[in-house]
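Engineer: have a look at this fold, sequence not included:
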């Protein structure tokens, strides 16, 4: 009804070859998911006549621990023969699927597709209103 999006659970399985530092790898994935959630649901510059209206962290929202859903992270069992000790890069791997996963979850939950980020409650609400108006025709 309101368009508000709440992530109830997030599961990530990363294929980074041999995990050399498990604690570091888990932290890397969790940080990437947090960045992806921010990018998907809350981060975005507000511009007026080319001037940024939210230039600092009191106005520009980024995720905090309170915004994070319960996370489950796993690592695929693989070996990369060209990497050191069988490892692959892990950098942005965890961030890339966040926006499509959340967007698809919203579509699955309420039948509207939001194609531009951030996905705000207002955008979802407007899409729901447009769909309801279409159905009444």
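Structural biologist: Here it is on my side, so go on. As the structure is a computational prediction, the values presented were derived from the model and not from experiment.

Engineer: now stretch 36-53: buried residues?
Structural biologist: 36, 37, 38, 39, 40, 41, 42, 43 (16 or more other C-beta atoms under 10 Å). Where C-beta positions appear, they are placed from N, C-alpha and C, glycine not excepted.

Engineer: doesn't the third one fall inside a strand?
Structural biologist: No. With DSSP: H, G, I helix; E, B strand; the rest coil as the criterion, residue 38 is assigned helix and is not in a strand.

Engineer: contact partners for it?
Structural biologist: Counting by C-beta atoms under 8 Å, 6 or more residues apart in numbering, residue 38 touches 61, 62, 63, 67.

Engineer: highest neighbour count among those residues?
Structural biologist: Of all the contacts of residue 38, the most densely surrounded is residue 63 (18 neighbours; neighbours counted as other C-beta atoms under 10 Å).

Engineer: distance of that residue relative to residue 7?
Structural biologist: 10 Å (C-beta to C-beta, to the nearest Å).

Engineer: contacts only, for the residue lying closest to residue 114 once chain neighbours are set aside.
Structural biologist: Nearest in space to residue 114, with sequence neighbours left out and distances taken as C-beta to C-beta, 6 or more residues apart in numbering, is residue 123 at 5.3 Å. When the contact criterion is C-beta under 8 Å, 6+ apart, the partners of residue 123 are 3, 114, 116.

Engineer: tell me which of the residues you listed is nearest to residue 30?
Structural biologist: residue 114 (24.8 Å; C-beta to C-beta).

Engineer: can you show me the strands along this protein?
Structural biologist: Assigned by DSSP state E, the chain shows strands spanning 10-14, 47-48, 51-52, 71-75.

Engineer: so can I have CSV of the ones you listed showing distance to residue 100 and mean pLDDT?
Structural biologist: Putting these into CSV (distance: least, C-beta to C-beta, whole Å; pLDDT from 0 to 100) gives the following:
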stretch, distance to residue 100, mean pLDDT
strand 10-14, 13, 95
strand 47-48, 25, 92
strand 51-52, 27, 92
strand 71-75, 17, 95
